[in-house]
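> how would this look folded up:
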Amino acid sequence: MKTLNQLTDEELVKLFEAGNSKAFEILLLRHKAKSYSYIYMIVRNKELAEDIFQDTFIKAIATIKQGRYVESGKFHAWINRIAHNLIIDHFRRQKNENTISADGVEYDIVNNAKLSERSYEDTMSNEQVMTDVVQLVQYLPKSQQEVIRMRYFEDLSFKEIADQTGVSINTALGRMRYALMNMRKIAAEKDMVLELK
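Next up is the predicted model:
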């Protein structure tokens, strides 16, 4: 008989649904580092990343317990989608409060390898680009938002995107092309520089 560690994500979800809390602990341990890194890469704030990370797994637990988890064979992509939506909600709230500021961001300069390779200004610029990209996606039509999210945040191939959205691969590619063109156009209108240093 397999140990819990040998089970697939989907098998662990089923066990957790049936009341085995240890199964979710294994899922959490399995995906913790990647999910946290993904969130931190976008928000660039340790405390905020931890809050969103916790909210992500609380939401995942609630969804599974309510029997609303749809098995797709990509548990990690599903977790990242929850995280992505929470990040977007956070940026929306910030925008509504008109308090978008880098003042509250904390940096651990001593232990940050990326900072030793880049200047402080480059790092600040990259963070602004990531923030701007997340915000720009909100201006796109739903079909284009979907393809950007699936490609960049869920790491799906264009074939998988086509299958999941019920369109041809050419249509999925076309939506991506238009999404990128629209994002560049909106960025130009808003004087955003979308270039990582």
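
> and the spatially most central residue of the chain, what pLDDT?
Taking Cα atoms, centre = their mean, the centroid of the chain lies closest to H84, which sits 3.5 Å from it. Looking at H84, its pLDDT stands at 89.

> now name the helix or strand holding it.
Assigned by DSSP states H and E, H84 belongs to helix 75-96.

> what's in contact with that helix?
Contact partners of helix 75-96, identified using Cβ atoms under 8 Å, 6 or more residues apart in numbering, comprise 9-10, 13, 27, 31, 34-35, 38-39, 42-43, 48, 52-53, 55-57, 59-60, 63, 69, 72, 100, 131, 134-135, 137-138, 149, 153-156. Every residue, glycine included, has its C-beta placed from N, CA and C.

> now those residues: which count as buried?
For the contacts of helix 75-96, a neighbour count by 16 or more other Cβ atoms under 10 Å gives the buried set as 9, 13, 27, 31, 35, 38-39, 42-43, 48, 52-53, 55-57, 60, 69, 131, 134-135, 137, 149, 153-154, 156.

> V13 and G73 touch, don't they?
No. Contact criterion Cβ atoms under 8 Å: V13 and G73 do not qualify, at 11.0 Å.
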